[in-house]
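Trainee: what's the 3D shape of this:
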Amino acid sequence: MDPRALPFSVLVILIAATTLANGYSPPPPPTTANGYSPPPPPTTIYPSAKTVEAAVEGMVYCQSCDKYGSWSLAGAEAIAGAKISIICKNHRQHVSFYKVFQTDSYGHFYGELKGLKMTPHFLDHPLHACRAKLVSSPREDCNLFSNINNALDGASLRYEEKRLKWTNYEAVVYAAGPLAFRPDHCPESTAPPPTY
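Mentor: You can find the predicted model right below:
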């Protein structure tokens, strides 16, 4: 570096420091004749960190009378407004999450497991820790619990490689069921009992 350039650099720094110390501020933004001042240029907003949640989905049906006693859902009807619960227990068997979800008009439910605390312990993962159970049916003619997919003890969840992705959100979707209620009264059948 040229030794003669050093005094010039010091001079520039001193001028800048003196200007700032004397209260210099940049000029105000330009205004039009009517006093309107244009808005400041937009600032770049960076998205917050991506959130990854767990969710559960499934279907709830009314099992037909002719399939009573089996796990068959042939001829079953979807139940709108049915309630199911998702209950999760940690590796110490303490309830760590509980929430009730309601089916839509097609008998489908989707519930986010917001608030589920997952630890590194493999038994705290939703596949091992969570179960889906029937709660109630709005249909008076079909409101008894069936044990299809072990719903009485809680149907286990399945991972089917389904994810929902948005800009700042991602959900790993687990499947439960299908679950079913059964009719409280079925007419007597004239058909002979099935032989196995």
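Trainee: Going by C-alpha atoms from here, please, whenever you check contacts or count neighbours.
Mentor: OK.
Trainee: Spatially nearest residue to residue 134 (excluding sequence neighbours)?
Mentor: Leaving aside its sequence neighbours, residue 134 sits nearest to residue 84 (C-alpha to C-alpha, 6 or more residues apart in numbering; 4.5 Å).
Trainee: Kindly report the same for residue 64.
Mentor: Counting by C-alpha to C-alpha, 6+ apart, residue 64 lies nearest to residue 76, which is 5.2 Å off, once chain neighbours are set aside.
Trainee: Contact partners for that neighbour?
Mentor: 61-64 (C-alpha atoms under 8 Å, 6 or more residues apart in numbering).
Trainee: next one: phi and psi at it?
Mentor: The phi/psi pair for residue 76 (degrees, to the nearest 10) reads phi -70, psi 150.
Trainee: Spit out the contact partners of residue 186.
Mentor: Neighbouring residues of residue 186 by C-alpha under 8 Å, 6+ apart: residue 65.
Trainee: Now do the SS call for it.
Mentor: Under DSSP: H, G, I helix; E, B strand; the rest coil, the three-state class of residue 186 is coil.
Trainee: Hmm, residue 104 and residue 111 touching each other?
Mentor: No: look at residue 111 against residue 104 with C-alpha atoms under 8 Å: they stay out of range, at 11.4 Å.
Trainee: Number of residues surrounding the residue lying closest to residue 151 once chain neighbours are set aside?
Mentor: Distances taken as C-alpha to C-alpha, 6+ apart place residue 133 nearest to residue 151, at 5.4 Å, with adjacent residues excluded. Neighbourhood size, residue 133 [other C-alpha atoms under 10 Å]: 26.
Trainee: again with residue 95
Mentor: With other C-alpha under 10 Å as criterion, residue 95 counts 13.
Trainee: That one: what's it in contact with?
Mentor: Going by C-alpha under 8 Å, 6+ apart, the list of residues near residue 95 reads 87-89.
Trainee: Could you rerun that using 10 Å?
Mentor: Applying C-alpha atoms under 10 Å, 6 or more residues apart in numbering, we find residue 95 in contact with 87-89, 129-130.
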